[in-house]
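K.L.:
model the structure of this input:
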Amino acid sequence: MIINTNMGSATAARILANNTSALQKSLKRLSTGSRIADLQDDSAGAAVAQKHSAHIERLKASTANLGNMISLSQTQDGYMEQVAGALERMSELAMLSTDETKSGSDRALYQKEFEELQKFVDNISDKQFNGTALFSSNALNVRTDISTTVSFTGADLTAKKYNKISETGATVSVAISTTAAASTALSDIQAAIGQLASDLAQVGANLSRLYSEKSAIAILRDNISQARSRILDVDVAEESANFAKNQILVQSGTAMLAQANVLPQTALRLIGN
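P.N.:
From the prediction side, this is the model:
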């Protein structure tokens with residue numbers, strides 16, 4: 001029996017300190033919801049989780065990019081539907097103007113509306129979406145990840161078949177003021193309608209691809225978020241059990257330390273006290 005060195009008290013104090021640290025870690029995990037309370041808990045896991053977080057943010061930005069491209073394509077579709085209506089009416093006017101029973105003054109009336117529709121088609125070809133030309137021969141590109149860029153074929157309303165029936169871009173004067181001119185115009189308009197149908201199909205295909213890309217990114221983002229969650233997020237049920245265990249150990253350790261500190265007092269009996 002010794003007095004100067006109380007090994008029981010020292011051991012109890014060391015174990016109590018360990019249990020107290022474990023209890024504090026459980027408290028921190030439960031209060032933050034994070035499995036990695038301190039970086040030393042899982043430094044490699046924290047590094048991987050950080051990469052996942054950066055990837056998720058890039059995917060969010062990609063989703064926004066795709067959303068903007070979808071809006072652009074929907075705007076294209078809306079304008080082209082209006083062009084389709086204009087071409088249908090121009091085709092009708094050209095057909096009416098081929099009627100030999102119509103007088104020149106009758107055709108002049110048709111020509112007035114025809115010219116206004118020409119201007120309408122011509123004006124639409126210059127429309128923009130946030131500074132980006134809606135109808136040009138340039139490809140439309142959208143980046144979906146660091147190394148992935150999706151390229152789309154645009155709808156070119158400045159193409160020759162449209163130019164022939166537009167007002168300012170005409171390489172051939174198109175009018176319906178005579179039966180002969182109306183017959184030629186009718187042929188040109190039919191060609192433009194065929195081109196428009198092809199362009200509309202391309203815009204529809206672009207939209208289908210864009211929605212597919214957006215859906216794929218959403219699935220990828222969910223999966224990466226789950227992977228990050230497995231690294232970072234605490235299992236509350238498991239950690240609650242650890243907290244209860246550590247709490248009991250701290251309480252019992254405190255009691256045992258108190259007992260260990262009392263043990264040297266028994267030495268007093270040996271010296272007559």
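K.L.:
backbone phi and psi for residue 145, please?
P.N.:
Dihedral pair for residue 145: phi -160, psi -180, per degrees, to the nearest 10.
K.L.:
pairing partners for it in the sheet, please.
P.N.:
residue 148 (DSSP bridges).
K.L.:
wait, it touches residue 63, no?
P.N.:
No: under the criterion of C-beta atoms under 8 Å, residue 145 is not in contact with residue 63, lying 11.2 Å apart. In this view, the C-beta of every residue, glycine as well, is placed from N, C-alpha and C.
K.L.:
strands of this structure, start to end?
P.N.:
128-129, 132-133, 140-145, 148-152 (DSSP state E).
K.L.:
now do the second one, average pLDDT.
P.N.:
Averaging pLDDT along strand 132-133 yields 88.
K.L.:
sheet partners, orientation included, of it?
P.N.:
In the sheet, strand 132-133 lines up with strand 128-129 (antiparallel) (DSSP bridges).
K.L.:
pull the residues that contact the partner strand.
P.N.:
With contacts defined as C-beta atoms under 8 Å, 6 or more residues apart in numbering, strand 128-129 is touched by 71, 72, 75, 134.
K.L.:
show me which pair in the residues you listed is furthest apart.
P.N.:
Largest separation among the contacts of strand 128-129 by C-beta to C-beta: 71 and 134, giving 11.1 Å.
K.L.:
of those two, who's got more company?
P.N.:
residue 134 (21 against 13; other C-beta atoms under 10 Å).
K.L.:
low-confidence bits of the chain, can you list those?
P.N.:
Applying pLDDT under 70 to the chain flags residues 1-5, 167-173, 268, 272-273.
K.L.:
try 50
P.N.:
The model of the chain has pLDDT under 50 over residues 171.
K.L.:
domain assignment for it?
P.N.:
Residue ranges for the domains of the chain, per automatic domain parsing: 7-33+234-270, 59-232.
K.L.:
deepest-packed of those domains, please.
P.N.:
Each of the domains of the chain was scored by mean neighbour count; the highest is domain 59-232, a mean of 16, by mean count of other C-beta atoms under 10 Å.
K.L.:
can you show me the CA trace of stretch 143-154 as PDB?
P.N.:
Taking Å, rounded to 0.1, in the frame of the first residue of the first chain, the C-alpha atoms of stretch 143-154 are listed here in PDB:
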ATOM      1  CA  ARG A 143     -21.300  22.100 -71.400                       C
ATOM      2  CA  THR A 144     -22.600  19.400 -69.200                       C
ATOM      3  CA  ASP A 145     -19.400  18.600 -67.300                       C
ATOM      4  CA  ILE A 146     -15.700  19.400 -67.300                       C
ATOM      5  CA  SER A 147     -14.900  17.400 -70.300                       C
ATOM      6  CA  THR A 148     -18.300  17.000 -71.900                       C
ATOM      7  CA  THR A 149     -19.900  19.400 -74.400                       C
ATOM      8  CA  VAL A 150     -23.100  18.700 -76.300                       C
ATOM      9  CA  SER A 151     -23.500  20.300 -79.700                       C
ATOM     10  CA  PHE A 152     -26.800  21.000 -81.300                       C
ATOM     11  CA  THR A 153     -27.800  22.000 -84.900                       C
ATOM     12  CA  GLY A 154     -29.600  25.300 -84.900                       C
END
